[in-house]
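[1] below are the sequence and a predicted model for it; my questions follow.
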Amino acid sequence: MNPRCRQLLPSLCRVTGAIATAMLLPACLFESQPGSQPPDDLNPQNLPGFEVKFLAGSALGDFCEQAANQFNQQQPQLDDGSPFYLRCETKGSGDVVQEVVSLTEQLQAGTLAAEAPEFPTLISVDGEIYHSQMAYQVAQIVPGEDYIPAIADAPLLAYSPMVLMTTAEIAPGLTEQENIYKALSEAETHRDLDPNAPQLPIHFVQTAPTRSNSGLQTLVAQFAEVSGKRPEALTVADVEQYRDAVRAIQSKVTRYGASTSSLARSMVANGVFWASIGSVYESSAIAANSELGATATTRYQVVYPDATFTSNMRAILPDAPWVSEAERAAATQVIEFLRSPEIQRIAAEQGLRPGVPGVELGNKFSEQFGVEANPSYDSYRPPAPEVVEAMLESWRIYAKKPSQVALVVDTSGSMQGRKLAAVQNTLLTYIQNLGPREQIIIIEFNSEIQAPIIVEGTPEGRDAGIAYIGQMRARGGTRLYDAALAARNWLSDNLQPEAINAVLILTDGEDSGSAISLAQLEQELQTSDFSSDQRIGFFAIGYGQAGEFNPQALEKIAEVNSGYYRKGDPETIAQVMSDLQVEF
């Protein structure tokens, strides 16, 4: 920032407030671009004053980061001259709610002080169902206290309606349906929906409703459409009555996931045989089309259901003991800034619809990006919180598509010490979180490939799996390619056609001693990819420091069968595995 600007901004903030400062000194602002990093003096770790922590859902993540860069370079202050800064932390909306509820429980139990830095000053989730659930769950911990404000009392920052993303050839058949999800519960192919559509099986993707707002909105919309009722009219009894129809829709799922944008990008990368329909945010479809080259032969477009969730992303300022008066005053400045026309234009540039009327949408809301500038749809409202809880439980134990996942675990000599201990703890959590419709097969490998151990999502199955991982020992070499093929072969021989079948590899080293090469493994895996009847996905985690494993080889193994590769280490492996578990 210009030194003269740095001198002027503090006084201007005190006199005119944050918004006017941005208006009066536009040349002083750091011009952040998507993916850009702020200068070192704008890094929150280097900023003076107290922190305003903004815990937000993932759909608002890029917007929050760019807005925070511009806000912080103004050196904001309170009326008394106290400096502060904004820091964004984003995760899935379900994780946001879980964190706020957990922190409230710790505060109520006296194990965490209200002044603890873990508490957020501002909160946002990617839709009003999770907003309602958060208020409901927090109120159960502190009855009579309204820590989380009502939906109508939280200012709107941006929104993005839930849509169905598909190809231009398939879209007409969906558009003609008065009740899309009810039609999907009964149809097997796109030709069943439209005689002019390609003779393609229906393969559907959505995020997991337990972690992702888009997944939860999708699940609620499915119950609403198959029942013929609006979400707010649904009852717990309706969940039981219509769960079979929802299960029929879920049976068409290719895989779940924690990230809506990642699913949209995977649709583009993997094609219609992987997934022909995706329930995503409108902004995710815009982003996916934006990444397509000018010569792309297949472009995606969205279908707006007659009724859908708007995915309102609001600024939630808790009326709670952990928000001090100074933090409240600072957060009020932040909200005003986020709703200013210039900052709202950042939302539009990212494919989010501005939360403030009168802000120009820009060119991304056009047919070129598969969307309509002014779509017509009826906006759904959230069901009662207890009904949402019943839906989530019904999905977990009954409607969710079953899964069978082979966990290929490297226990070679290089895994000794902290590495193996961290992996064992991560596997423990994975097993403890297994649901009744989930099964894993542990295949341990080093110089030898151990016999598969089946772990069912039952109390007895989980106990057996925990006992097994407790006896793992690090020794020997790394027959990675042989182990990957052995896992695929086991799944092929024991395929569950009505389930998600996948392999998840966790290794810290390069292959040594395998009887096959990487090229031979790739060729073998192609016979069971998503253009075959087997549809076995592959995922891989490179565990450890750079140079200890071959990330390019792991990427090839995963991508040949429509999965992906992630890197982990003893500090991050638990979160990486947790996100991957949601896929299944």
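    The structure has been received and is ready for your questions. Remember, it's a predicted structure, so these values are computed and weren't measured experimentally. Numbering: from 1, shown residues only.
[2] which SSE is the closest residue to R230 other than its chain neighbours in?
    In this structure, R230 finds its nearest non-sequential neighbour in A224, 6.2 Å apart by Cβ to Cβ, 6 or more residues apart in numbering. Heads up, the C-betas are built off the backbone N, CA and C, glycines and all. According to DSSP states H and E, A224 maps onto helix 213-227.
[3] buried residues in stretch 56-76?
    Neighbour-count burial for stretch 56-76, with 16 or more other Cβ atoms under 10 Å as criterion, is recorded at 56-76.
[4] kindly report the same for stretch 99-118.
    For stretch 99-118, the neighbour count (16+ other Cβ under 10 Å) marks 99-101, 103-104, 107, 112 as buried.
[5] what do you get for stretch 319-336?
    Buried residues in stretch 319-336, defined by neighbour count with 16+ other Cβ under 10 Å: 320-323, 326-327, 330-335.
[6] same check on stretch 547-556?
    Under the neighbour-count criterion of 16+ other Cβ under 10 Å, stretch 547-556 has 549-550, 553-554, 556 buried.
[7] what mean pLDDT does that stretch get?
    Average pLDDT, stretch 547-556: 87.
[8] any idea how far I170 is from S562?
    Per Cβ to Cβ, to the nearest Å, I170 is found 19 Å from S562.
[9] tell me how the protein divides into domains.
    Residue ranges for the domains of the chain, per automatic domain parsing: 3-159+312-354, 162-310+367-397, 403-582.
[10] low pLDDT regions in the stretch 51-200 of the chain?
    Along the stretch 51-200 of the chain, the model assigns pLDDT under 70 to no residue.
[11] how about the helices in it?
    Applying DSSP state H, counting those that start in this stretch to the stretch 51-200 of the chain gives helices spanning 61-72, 93-109, 128-141, 171-175, 180-186, 190-193.
[12] tell me how far the helix holding A224 is from the chain's mean position?
    17 Å (Cα atoms, centre = their mean, to the nearest Å).
[13] any idea of the angle it forms with helix 93-109?
    Comparing the axes of helix 213-227 and helix 93-109 via axes from the mean of the first three to the mean of the last three Cα atoms, to 10 degrees yields an angle of 110 degrees.
[14] tabulate the CA atom coordinates of helix 213-227 in PDB.
    In PDB, the C-alpha atoms belonging to helix 213-227 read as follows (Å, rounded to 0.1, in the frame of the first residue of the first chain):
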ATOM      1  CA  ASN A 213     -25.200 -27.800   2.900                       C
ATOM      2  CA  SER A 214     -25.800 -28.600  -0.700                       C
ATOM      3  CA  GLY A 215     -26.200 -32.300   0.200                       C
ATOM      4  CA  LEU A 216     -28.600 -31.500   3.000                       C
ATOM      5  CA  GLN A 217     -30.700 -29.300   0.800                       C
ATOM      6  CA  THR A 218     -30.700 -32.000  -1.900                       C
ATOM      7  CA  LEU A 219     -31.900 -34.600   0.600                       C
ATOM      8  CA  VAL A 220     -34.700 -32.300   1.900                       C
ATOM      9  CA  ALA A 221     -35.800 -31.500  -1.600                       C
ATOM     10  CA  GLN A 222     -36.000 -35.200  -2.400                       C
ATOM     11  CA  PHE A 223     -38.300 -35.800   0.500                       C
ATOM     12  CA  ALA A 224     -40.400 -32.800  -0.400                       C
ATOM     13  CA  GLU A 225     -40.800 -33.800  -4.100                       C
ATOM     14  CA  VAL A 226     -41.600 -37.500  -3.500                       C
ATOM     15  CA  SER A 227     -44.100 -36.600  -0.800                       C
END
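[15] all set now, cheers.
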